[in-house]
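sequence and predicted structure below; questions after.
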Amino acid sequence: MNAPLIVLGAGPAGLAAAEAASASGQAVLLVDENGAPGGQIWRGGPQRWRDARAAALWDALRARPHVSFMAGARVVAPAGPQALLLETADGALAQPWNKVIVCSGARELLLPFPGWTLPGVTGAGGLQALVKGGMPLAGKRVLVAGTGPLLLAVAATVCEHGGEVVAVAEHRASADLARFGARLALSHRGKLLQSVQMAARLRGVPYLRGAALLAAEGRGRLERVLLRHRGREQAVDCDFLACGFGLVPSLELAALFGCVVEQGRVAVDAAQRSSAPGVWAAGESTGIGGVDKALAEGRIAGLDAVGLAPHARDLRSRGKAQAFGALLAQAFAPLPSLRRLCTASTIVCRCEDVVAADLAPHAGWRSAKLQTRAGMGPCQGRVCGSACAFLYGWEAPGLRQPVFPACAATLALARTERVDTVARAHPESRQQRTS
Ligand SMILES: Cc1cc2nc3c(=O)[nH]c(=O)nc-3n(C[C@H](O)[C@H](O)[C@H](O)COP(=O)(O)OP(=O)(O)OC[C@H]3O[C@@H](n4cnc5c(N)ncnc54)[C@H](O)[C@@H]3O)c2cc1C
């Protein structure tokens, strides 16, 4: 019980896992690269939370002296067989681990189209994160485009912060959306109610079904977006374009422990145990399913990690949330027609400026990397990897260590032999970044 259980990621899954494990008296160290807990959905820190579940979890954790929260610490690589290399704003440290719960969440699937690299074009969740982080939007015109329910959540955030949503352009046709609504009415009434409430908050905002994004245009920054809707091309003037085509699990941390990944997500058993001994996984990293899935899986993992059986209500809640995730995946899977957004001259790898015409002739990542440098920039294929999986059916490029860009001084610490105590790298040498 003395060695802390390490929970990586303080989103809903990580908070739930830390709470469930620490209720037994187990020492827990919660680590997140963000400066505040909450992950994606509860971004902005406890003072901004409106969800009672977030506040209840955080209050419980703060009241337990055997729980510590290390904010602003990014896990970048292993530091020996049983230690992790963490980078912080003032240096780096090697943190030994015994048991770990990986709750690393998801990121957006970004698909290339002409003009997507213009300033003013962001991911849908990306714009939401910027706004929640304080970026002013008052008076700005925002077009939200792509597919899936996240578009509505993002449009609502824009309206709440004084922005004008000029339209929500949903790629799926009315018939697909009606089928999804009918499935919700049948087995997920709570979610249907949430969508109706969300739609009410967006009253007056045009919701274009079956709308295809064609291009973003502007001199130096975004000025207008070209759409095709009901067979007609139209130009929509706007200051921001927030595009969402779905989410993909973040697998870097699981890769550090050698966890088996199946169908793009960390494979876990009924107790949320991964294939790696002493490593559990919960939340979006095990499959996209939303906050309820993250909370239930986090609690199950936290209890199992301290040798306790899961609660029946968490098992029920996980089952329902996983079914919702499967329904979402089916209803809003990116349509093959989205591949046509990307023309021959569209940049696909934005770190290395590699266009589609240079990538398309390759059979897979290996030859594309060798001959074009695609996927070899600072993002290490985090953006273009998922895009190429969709465009060309390539398997995502393998992850190499460090799994995130890190300072040279941080990496030097990984090479030290003694990692059984927490050691600090020299903070003054943080200037040298390497990928
Ligand atoms: C951009 C974006 C916006 C979203 N917006 C909404 C929304 O408005 N409404 C909604 O219902 N759902 C939204 N979602 C879905 C939402 O993420 C999930 O429903 C829920 O937050 C998943 O919880 P989680 O704990 O699994 O992951 P997350 O909440 O993503 O938490 C993962 C945490 O792990 C941390 N982490 C990852 N890697 C490292 C590392 N190497 N070192 C240290 N820390 C690390 C991250 O900083 C993050 O805090 C959004 C998702 C994304 C990606």
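On my side now, so go ahead.

up against the ligand, what does this protein have?
Applying Cβ under 6 Å from any ligand atom, we find that the chain lies next to the ligand at 8-14, 31-34, 39-41, 74-75, 103-108, 125, 128-129, 150, 153, 247, 250, 252-253, 283-284, 290-291, 294, 404. (Each C-beta comes from the backbone N, C-alpha and C, glycine too.)

which residues of the stretch 101-250 of the chain fall in strands?
Under the criterion DSSP state E, counting those that start in this stretch, the stretch 101-250 of the chain carries strands at the ranges 106-108, 121-123, 141-146, 164-170, 207-209, 212-217, 224-229, 232-237, 240-244, 247-249.

break the protein down into its domains, please.
5-107+248-330, 121-243, 337-392 (automatic domain parsing).

any idea which of the strands of the stretch 101-250 of the chain is most buried?
Highest mean neighbour count among those (mean count of other Cβ atoms under 10 Å): strand 240-244, with a mean of 28.

elements contacting that strand?
strand 121-123, helix 124-132, strand 141-146, helix 150-160 (3 or more Cβ pairs under 8 Å, 6 or more residues apart in numbering; DSSP states H and E).

follow-up on the earlier one: export the strands of the stretch 101-250 of the chain to a markdown table and append columns for mean pLDDT and distance to residue 193.
Formatted as a markdown table, those follow (pLDDT from 0 to 100; distance: least, Cβ to Cβ, whole Å):
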| stretch | mean pLDDT | distance to residue 193 |
| --- | --- | --- |
| strand 106-108 | 96 | 24 |
| strand 121-123 | 97 | 27 |
| strand 141-146 | 98 | 22 |
| strand 164-170 | 97 | 19 |
| strand 207-209 | 96 | 18 |
| strand 212-217 | 96 | 29 |
| strand 224-229 | 97 | 28 |
| strand 232-237 | 96 | 30 |
| strand 240-244 | 97 | 22 |
| strand 247-249 | 96 | 22 |
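
I'd like these as TSV, with distance to residue 185 appended.
Formatted as TSV, these follow (distance: least, Cβ to Cβ, whole Å):
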stretch	distance to residue 185
strand 106-108	27
strand 121-123	30
strand 141-146	24
strand 164-170	19
strand 207-209	18
strand 212-217	28
strand 224-229	27
strand 232-237	32
strand 240-244	24
strand 247-249	24
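
nearest to residue 324, of these?
Among the strands of the stretch 101-250 of the chain, strand 247-249 comes nearest to residue 324, with 13.7 Å by Cβ to Cβ.

name every strand pairing with the closest one and say which way it goes.
Using DSSP bridges, strand 247-249 pairs in its sheet with strand 106-108 (antiparallel).

quick one: residue 331 and residue 181 touch, right?
No: using Cβ atoms under 8 Å, residue 331 is not in contact with residue 181; the gap is 9.5 Å.

neighbour-wise, which of those two wins?
Ranked by neighbour count (other Cβ atoms under 10 Å), residue 331 and residue 181 place residue 331 first, with 18 against 14.

now that one: closest residue in space that isn't a chain neighbour?
residue 180 (4.2 Å; Cβ to Cβ, 6 or more residues apart in numbering).

and that neighbour, how many neighbours?
20.

cool, and residue 358?
If you count neighbours by other Cβ under 10 Å, residue 358 ends up with 18.

again, but for the one 3 residues further on
Per other Cβ under 10 Å, the neighbour tally for residue 361 reads 10.

do residue 255 as well
17.

hmm, back to that, so which of the domains of the chain is the most packed in?
domain 5-107+248-330 (a mean of 21).

quick one: end-to-end distance for it.
36 Å (Cα to Cα, to the nearest Å).

and the closest residue to residue 344 other than its chain neighbours, helix, strand or coil?
Nearest residue to residue 344, sequence neighbours excluded (Cβ to Cβ, 6+ apart): residue 357, at 4.0 Å. Put simply, residue 357 is helix when judged by DSSP: H, G, I helix; E, B strand; the rest coil.

so what's residue 357 scoring on pLDDT?
We have a pLDDT of 97 for residue 357.
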